[in-house]
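[1] Provide a 3D model corresponding to the input given below.
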Amino acid sequence: FRFTASGEIETIDRATAGYGKVAVLDELQTTLQIGPDQIIYVGDGSSDIHVMLHVNVRDGFTIAVSETKDVTQIAKRTVLSANSLAILVPILEKIVGWERPRIREFFESYGFLIQGWDKVRTDWLTLRPAKREWSAGRRRRLTTVSQVFRNRGLRDSSSAMPQTSGPGRGMQTFRLAISFQH
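    As a prediction, this is how the structure comes out:
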């Protein structure tokens with residue numbers, strides 16, 4: 001650690017990736033005398049996975065700041081923004097307990113306008129025929145699935161877009177993005 005003149009931790013000089021970060025976090029927790037549930041950890045890559053798992057198990061709060069699949073599946077929240085202040089949003093929501101209007105007001109009081117704020121839960125799937133080419137029968141089954149969702153009062157905004165995978169392979173895959181709203 002590098003300390004300020006008043007004895008506060010200013011920076012961490014070096015932390016080995018992976019479990020080394022867990023050791024540094026535990027040392028910080030001991031030095032600052034805080035409980036594990038008071039830790040908020042922000043990470044963006046595979047070197048943060050061990051720490052995020054460690055923090056989550058101990059009831060801390062983890063935030064992913066990238067679309068890295070492994071990290072976003074472990075983090076309790078994910079924030080994607082060009083501005084690093086955006087990580088305050090899940091902290092203000094989950095830890096402080098503020099609602100959207102108050103968070104917007106807070107940012108505006110410091111000269112920042114939240115121009116776009118979307119919460120999304122999307123499943124991205126890549127589908128391809130197992131052995132045969134795409135057939136009319138399979139198209140009917142997809143239509144039937146959509147009808148089942150509509151009959152249950154769900155709005156289906158699915159779309160299937162054929163894509164050729166790999167040069168000269170001649171195989172078609174279908175990327176399917178489905179999001180349902182009640």
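[2] gap between residue 52 and residue 86?
    Computed as Cβ to Cβ, to the nearest Å, the residue 52 to residue 86 distance reads 18 Å. For the C-beta atoms, the positions are set from N, CA and C on the backbone; glycine is no exception.
[3] now do residue 46
    22 Å.
[4] Between these two, which is the more surrounded one?
    Shown here are residue 46 and residue 86; by other Cβ atoms under 10 Å, residue 86 has more neighbours (17 against 12).
[5] Quick check: that one is in a helix.
    Yes - the assignment for residue 86 is a helix, going by DSSP: H, G, I helix; E, B strand; the rest coil.
[6] Quick check, pLDDT for it.
    On pLDDT, residue 86 comes in at 93.
[7] now the helices for the protein?
    Applying DSSP state H to the chain gives helices spanning 19-32, 49-57, 69-74, 88-90, 100-109, 136-151.
[8] how about a markdown table for the ones you listed, with distance to residue 2 added?
    Converted to a markdown table, the helices of the chain look like this (distance: least, Cβ to Cβ, whole Å):
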| stretch | distance to residue 2 |
| --- | --- |
| helix 19-32 | 13 |
| helix 49-57 | 20 |
| helix 69-74 | 27 |
| helix 88-90 | 25 |
| helix 100-109 | 31 |
| helix 136-151 | 56 |
